[in-house]
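> generate a structure from the sequence data that follows.
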Amino acid sequence: MAGGTLYTYPDNWRAYKPLIAAQYSRFPIKVASSPPEFQFGLTNKTPEFLKKFPLGKVPAFEGNNGFCLFESSAIAHYVANDELRGSNNRLHQAQVIQWVGFSDSHVVPPASAWVFPTLGIMQFNKQATEQAKEEIKTVLGVLDCHLQTRTFLVGERITLADITLTCSLLWLYKQVLEPSFRQPYGNVTRWFVTCVNQPEFRAVLGEVKLCDKMAQFDAKKFAEVQPKKETPKKEKPAKEPKKKKKKKKKATPAPAPAPEDDLDESEKALAAEPKSKDPYAHLPKSSFIMDEFKRKYSNEDTLTVALPYFWEHFEKEGWSIWYAEYKFPEELTQTFMSCNLITGMFQRLDKLRKTAFASVILFGTNNNSTISGVWVFRGHDLAFTLSEDWQIDYESYTWRKLESDSEECRTMVKEYFAWEGEFKHVGKAFNQGKIFK
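Take a look at the predicted model:
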């Protein structure tokens, strides 16, 4: 067995997958997660690292013979043995792939949206959190039904399906799935506890304690973490030396160590990501208040209140409207998977919510569907190109700016915002829609 090196930061839940798989298969794997071998945020941005792993993402695996792999599920598959992959049973192999895909598409996005704010590494958004809770309930319901007569997800033994899903659910069980929330999903909890107590899991995860009380967003913790991103601010004040001294005495002993105590290494790594500049800082103040429109859209009738408000206040000099269409309709199979494609994109675009609004619709039926939508952006450039934080899935769509005064634009805005109309340009019936707000 050739072996290799796994580059990651400490306590990266994605890295747990290949590490647990390696425990089962006895694959020799070296972990590089601290200096001098690897330092997240520095090593993965060097030309040498990017030559091997162009995206700079971790975990990343380099075999002793020089080949490289990224994406944790692919690495886990490589280091696993045949039993973990589903042995020689083609059905089991397909089911393993199915549950790994299920984990990545249906569990990770809502789990991140719900858990990250409780760790102080993402701003709280009530709507996103509530939506994530509902999606997690759906996911747990599907799993609970499947596990009603099964010990493990596929076959009679642990496979990559169990490893992947356990790791994806790990932070949920540790942070937010309190007893009352998880009570209806007893089969899932029984399976999860069984997995994390296997010797191979414990060798990587240690003892896993299920949460007693649902963690909430802590504004103080979030505020304490954020100054790490804005260190230049501390050098500015010089006018009030007395007040500054008092603040230093209060801040130095207490708040500074707090984030170190409260955050593990994986959270620190996420929290230490530099705060990106506002791509719209150069634009003049706009009279169109996006948040006010979103309130109208959420709480009032779309056709009689929200749309008239939109057109009355929309400022075409400072905002633009775009039509987007998914490039690969032939790849869209099951409608629930296509819908999840939209949801996943939205959940990973949380940082764009303040300056964007969208209605994206799935048209058609299984194996005969399309995705398209209408987006509203600040400024007149395609927003995704302006910030690395926003470059999520947009390249899978074709984008066309609409003339806000045109009849075409008015019709599209009305139909897409209201989810009703002829949709003549589509040629398929409305199936379901998603709103980004």
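> buried residues in the helix or strand where Tyr416 lies?
In this assignment (DSSP states H and E), Tyr416 forms part of helix 407-418. Neighbour-count burial for helix 407-418 flags Cys409, Arg410, Met412, Val413, Lys414, Glu415, Tyr416, Phe417 (criterion: 16 or more other C-beta atoms under 10 Å). Just so you know, the C-beta spots here come from the backbone N, C-alpha and C atoms, and that holds for glycine as well.
> for these, which one is nearest His106?
Checking the buried residues of helix 407-418 against His106 by C-beta to C-beta gives Tyr416 as the nearest, at 25.1 Å.
> for the closest one, what are its contacts?
Ser359, Ile361, Gly373, Val374, Gly433 (C-beta atoms under 8 Å, 6 or more residues apart in numbering).
> could you single out the nearest of the residues you listed to Phe201?
For the contacts of Tyr416, the closest approach to Phe201 (C-beta to C-beta) belongs to Gly433, at 40.1 Å.
> what's near enough to touch the closest one?
Counted by C-beta under 8 Å, 6+ apart, Gly433 has contacts Ser359, Val360, Ile361, Leu362, Tyr416, Trp419.
> not counting its neighbours along the chain, what's nearest the second one?
Spelled out, that is Val360. Spatially, and ignoring its direct neighbours in sequence, Val360 is nearest to Gly373 (3.2 Å; C-beta to C-beta, 6 or more residues apart in numbering).
> next: the fourth one.
Across the structure, with C-beta to C-beta, 6+ apart as the measure, the residue nearest Leu362 apart from its sequence neighbours is Asn431 (4.6 Å).
> partners of the helix or strand where the one you found lies, with directions?
Asn431 is part of strand 430-436 when elements are defined by DSSP H and E. Strands that pair with strand 430-436, judged by DSSP bridges, come out as strand 356-365 (antiparallel).
> show me what whatever helix or strand comes next after the strand it pairs with is packed against.
Using DSSP H and E, the helix or strand that follows strand 356-365 towards the C-terminus is strand 368-378. Counting contacts by 3 or more C-beta pairs under 8 Å, 6 or more residues apart in numbering; DSSP states H and E, strand 368-378 is packed against strand 319-326, helix 335-347, strand 356-365, helix 407-418.
> so which of these is the most packed in?
strand 356-365 (a mean of 21; mean count of other C-beta atoms under 10 Å).
> off-centre distance for that strand?
19 Å (C-alpha atoms, centre = their mean, to the nearest Å).
> contacts for that strand?
290, 293-294, 297, 324, 335, 338-339, 342, 346, 349, 369-378, 383, 416-417, 419, 423, 426, 428-437.
> hmm, try it at 7 Å
Applying C-beta atoms under 7 Å, 6 or more residues apart in numbering, the contact partners of strand 356-365 are 290, 294, 335, 338-339, 342, 369-377, 383, 416-417, 419, 423, 426, 428-437.
> and stretch 103-115, by the same measure?
Taking C-beta under 7 Å, 6+ apart as the rule, stretch 103-115 contacts 73, 128-129, 132-133, 135-136, 139, 164-165, 168-169, 171-172, 175-176, 340, 343-344, 347-348.
> now do stretch 398-408: everything it contacts.
So stretch 398-408 is in contact with Phe314, Lys316, Ser320, Ile321, Trp322, Tyr323, Ala324, Glu325, Lys327, Leu382, Cys409, Met412, going by C-beta under 7 Å, 6+ apart.
> apart from its neighbours in sequence, what residue is nearest the third one?
To tie it back to what came earlier, the one meant is Ser320. His380 (4.7 Å).
> the first one too?
Leaving aside its sequence neighbours, Phe314 sits nearest to Phe288 (C-beta to C-beta, 6+ apart; 5.7 Å).
> run through the stretch 201-350 of the chain and note the low-pLDDT ranges.
Scanning the stretch 201-350 of the chain for pLDDT under 70 picks out 221, 225-277.
> is it possible to export the buried residues of helix 407-418 to TSV including distance to Ala2 and pLDDT?
Shown next, in TSV, are these (distance: C-beta to C-beta, whole Å; pLDDT from 0 to 100):
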residue	distance to Ala2	pLDDT
Cys409	58	95
Arg410	62	94
Met412	55	95
Val413	57	95
Lys414	60	95
Glu415	57	95
Tyr416	52	95
Phe417	56	95
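> of those residues, closest to Thr5?
Nearest to Thr5 among the buried residues of helix 407-418, with distances taken as C-beta to C-beta, is Tyr416, at 48.3 Å.
> in what helix or strand does Leu84 lie?
Counting by DSSP H and E, Leu84 is found in helix 82-85.
> now do that helix: which elements does it pack against?
helix 13-25 (3 or more C-beta pairs under 7 Å, 6 or more residues apart in numbering; DSSP states H and E).
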